[in-house]
Structure formats: structure tokens, C-alpha cells
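Colleague: Sequence first, predicted coordinates after that:
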Amino acid sequence: MKIAAFPIQTVQDQFPILDRTVRGRRLAYLDNAATSQKPIRVLEKVDHFYRNYNANIHRGVHTLSQEATKEYDDARETVREFLNAGEARQCIFTKGCTEGINLVAQAYARPRLKAGDEILVSTMEHHSNIVPWQIVAEQTGATVRPIPITEDGEIDLDAYQAMLSERVKVVAIVHVSNSIGTINPVKSMVAMAHAVGAIAMVDGAQAGPHLPIDVQDVDADFYTLSCHKIYAPTGVGVLYGKTDLLQSMPPYHGGGDMIRTVSFSGTTYADIPSRFEAGTPNVAGVIGLGEALKFLMGLGRSRVFEYENKLARLAEVKLTELGGIRIVGNSKEKAGIVSFVMERAHPHDIGSVLDSYGVAIRAGHHCCMPLMERFNIPATARASFAVYNDEHDVDALVQGIRATKEIFG
Ligand code: 7TS
């Protein structure tokens, strides 16, 4: 299979980590759903910040602080463009996707939910889109109900429709499954939630790196990103929200930079986005994020999607040809993630053998225990693709699996 014209060599040249070897072999990094590697321009952007204008933001009148503030604010505009949000102030910087979801659960849902209300999440959610809802359910008396999925790993839309009622106040749904790669029909699912008066939050942790995203088209009330998976430094996330909802919400954390005035007779809060960014944020990370998103947008996100998808589907075909391997998750719409199990080897054994071939994958439940339970398996082996992967990585994966088969019979 010929992979569509994609400047793979130019892309790979931008990732210094690809020069290293692992156990004497070329590194085939296929654990991108856990975190991606970083291009030189992101490393240099962060390095340049610390060397030249390291300062706290929104505080100083001095030049360094002004320069840091400008770069930080510019990154927010880049995020707006990346998500096609209406306004930059709708994009809140968090420390990760997990924090974004907790913020919505505590600042949006907690004051509104009451006993009898329902929160719908799908069975394929990452724990970070289940547990924050269970916590707020315990606090308010609401109930969390799982939307079933089919054998192929798609959301059962008929079951979802049947679960929707006026009791449902929140629907929280993953855009792309981190475990099995399913791309969910979030636009129609959001519309269905709205039809019964619920709000909808989309967990875009795995969509960010792989798909073009348009939050206005999806009409999500909230949308979260995990930026270290999108070529940015660790410790940065984004929460997008509709302006009126964000403005109606109390702060999640209290502290510096999120207030208008503070007095012992009463404190007033800053407008969005500052209201939700208490304390010194991850200035370097956010500035690095701006650069990472420019890198990805520069490659063309539809082209990236097509390229990664071809690699992942090629891997599925080659792995299946080996025999004794079952792909978990066969949704019609899938992104660059391949999950599989082998008849004789546990995923952790697969991961260890692959490591000796220089291939990095993740083995485990991928923080999706209810999904594993649905498929009646303890774990899967997961290969997840990024812009710098190529057919050699697929071949290394297949070679390692062949070796695993030989060892485990
Ligand atoms: N939602 C999804 C769909 C995810 O895949 C992850 C992380 C998160 C939320 C949480 O993101 P964080 O950046 O706040 O941690 N997923 C994975 C993974 O699949 N392997 O390691 C982390």
C-alpha cells in the first residue's frame, strides 16, 4: 500500500529523539496516545523563553513580563484557531485534559445537579471522563449511566437515544477512543443531548493530535484537549467552553490572577479566561503549545489524519495476516490507533518483547477498565501513530509480533 504524499522525511528530521536507538535498534515509537514526542521548534521555543524572557505574566510592567504575556496571549489565539472557537477567551489553559473535565464537573455541574438528575458517559470513556462525574454524582445525588457500545466498538446510538430524557443534564463523550481508536459521531450526539436540554462535553484528548476539530460545528458546550499528546510540553491542557456557560460558572480554584478585587468583606472574580486560571500558569508550556499547534496546522490536519490512518490500517492488515491476533475495535470510523490481543501472549509480554525490538507500545487497560470489561479482556496491546511514524515502524511492530509468536507458541 502506497502512503499518500506526506513529507515524512522532513517531519522526522524535526524530532531529535528519533536519532536515538533502543536496545541497539532504531526507535519505533508507537505510544503516541500516551504522549507524543516534541519537534525541535517546540523545544527551541521553550528554551528561548527561559533564556531570553522568562517572567511571570499579567503582572509586571517590565519588558520581560510584557514579552512573556504577549507570547502567552498569542498562544491562546493559536488555540482558538486550532479549535475554530469564536473567541480566544473561550479557551482556558489547564494542566491537562483531566483538569479540564474536573473543572466542568465541579464548576458547571456541581452547582446545578440534584438527586434524580442523570449524567451519561459512554462505556469507552477514559477514567478521567468517568471518575470526575462519579465524584460530582456522589456530591449531588445525581446518577452516572453508561451508554452501551457494540461489539465493533461503536456507540450504540439507539440505546443512547433511548436513555435520553429530561432527567439527563450532562452528556460526556470521548471524540476518539484512546483504547480502540473509534471516532464517535460527536456532532449528532451533541445535537441529541441538546434536544432534551442537556449540555454536552466532548473529551478531545485523542482527537487533538489526529483530526481537524471545529468546536462550533460540533456545537459542543465544552471541549477538552491534552496538549502533551499534540507535540506540546507536558503539563498543559485546554478547556474550551461556550462563553455564556463559562461566564455563569464560579471559579474552580481561588488564588492570584483570577480576581477583580479581594477584600475581607467580599471578593469579586475576574472575567473569563482569567477566572479559571488561578495562580502562575505553565507559561513555558503554553508558549510551547502555541508552537506545537502551528507545527501541526502547518502539516495540514486532514493530510495528517489520512497519513496516520493509512499506517494504522496497514498495521492492522499485516498483524491480522500473522494469524492468532484479534484486533479489538472495528469501528467504521477510526483514527490512528490499533489495539489487539494475541491468543497465547499477554499484552504485557507483547510489550516486553516489542521493547527488545526498539518498539514502544502500551500494554494494559489504557485507563478504560469498563471498556475492557465490555470486551471481556483484561488488557490489550496498543500501537498508536503520530506524524513521524512510517512504514518501517509498522514493519518493526510486525517483526516483533512475529518474534512474540515464536516465543509463546
Ligand atoms: N481522555 C482521553 C481520551 C485520554 O486518552 C487521556 C489520556 C485523557 C483523557 C487524560 O489526559 P491527561 O493528559 O489529562 O492525562 N490517555 C492516555 C493513554 O491512552 N495512555 O496514557 C494516557
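Modeller: In hand now; what should we look at? Since this is a predicted model, take the numbers as computed values, not measurements. Numbers count the residues shown, from 1 in each chain.
Colleague: And L296, how close does it get to the ligand?
Modeller: 16 Å (C-beta to the nearest ligand atom, to the nearest Å). The C-beta positions use only the backbone N, C-alpha and C, and glycine is treated the same way.
Colleague: just the strands in the stretch 251-400 of the chain please.
Modeller: Under the criterion DSSP state E, counting those that start in this stretch, strands of the stretch 251-400 of the chain are mapped to 259-261, 268-269, 325-327, 337-342, 359-360, 362-364, 380-384.
Colleague: Quick one: mean pLDDT over the longest one.
Modeller: Going back to what we said before, that points to strand 337-342. Per-residue pLDDT over strand 337-342 has a mean of 97.
Colleague: quick one, which of the strands of the stretch 251-400 of the chain is nearest to the ligand?
Modeller: The ligand lies closest, by C-beta to the nearest ligand atom, to one member of these: strand 362-364, at 5.8 Å.
Colleague: helices or strands up against that closest one?
Modeller: Applying 3 or more C-beta pairs under 8 Å, 6 or more residues apart in numbering; DSSP states H and E, one finds that strand 362-364 makes contact with helix 347-356, strand 380-384.
Colleague: Can you lay out these as TSV showing mean neighbour count?
Modeller: Output for the helices and strands packed on strand 362-364, formatted as TSV (neighbours: other C-beta atoms under 10 Å):
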stretch	mean neighbour count
helix 347-356	19
strand 380-384	29
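Colleague: what's the closest of these to H210?
Modeller: H210 lies closest to strand 380-384 among those, at 9.2 Å (C-beta to C-beta).
Colleague: okay, the angle between that closest one and helix 347-356?
Modeller: If you take axes from the mean of the first three to the mean of the last three C-alpha atoms, to 10 degrees, strand 380-384 sits at 40 degrees to helix 347-356.
Colleague: what about strand 380-384, average pLDDT?
Modeller: For strand 380-384, the per-residue pLDDT averages 98.
Colleague: Run a quick neighbour tally on E321.
Modeller: 9 (other C-beta atoms under 10 Å).
Colleague: so what's it up against?
Modeller: Under the criterion of C-beta atoms under 8 Å, 6 or more residues apart in numbering, E321 has no neighbours.
Colleague: Let me see the confidence value for the residue sitting furthest away from the middle of the chain.
Modeller: In the chain, S265 marks the outermost C-alpha relative to the chain mean, sitting 41.2 Å out by C-alpha atoms, centre = their mean. pLDDT, S265: 94.
Colleague: same deal with D271?
Modeller: D271 is given a pLDDT of 94.
Colleague: could I have stretch 48-60 exported to CSV, CA atoms only?
Modeller: The C-alpha trace of stretch 48-60 is given here as CSV (Å, rounded to 0.1, in the frame of the first residue of the first chain):
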residue,chain,number,x,y,z
HIS,A,48,14.3,30.6,24.1
PHE,A,49,11.6,31.6,26.6
TYR,A,50,13.8,30.5,29.6
ARG,A,51,16.9,32.0,28.1
ASN,A,52,15.5,35.4,27.0
TYR,A,53,12.2,36.5,28.5
ASN,A,54,11.4,34.2,31.5
ALA,A,55,9.0,36.2,33.7
ASN,A,56,5.6,35.9,35.3
ILE,A,57,2.7,37.0,33.2
HIS,A,58,-0.1,39.6,33.6
ARG,A,59,1.8,41.2,36.5
GLY,A,60,4.9,43.1,35.6
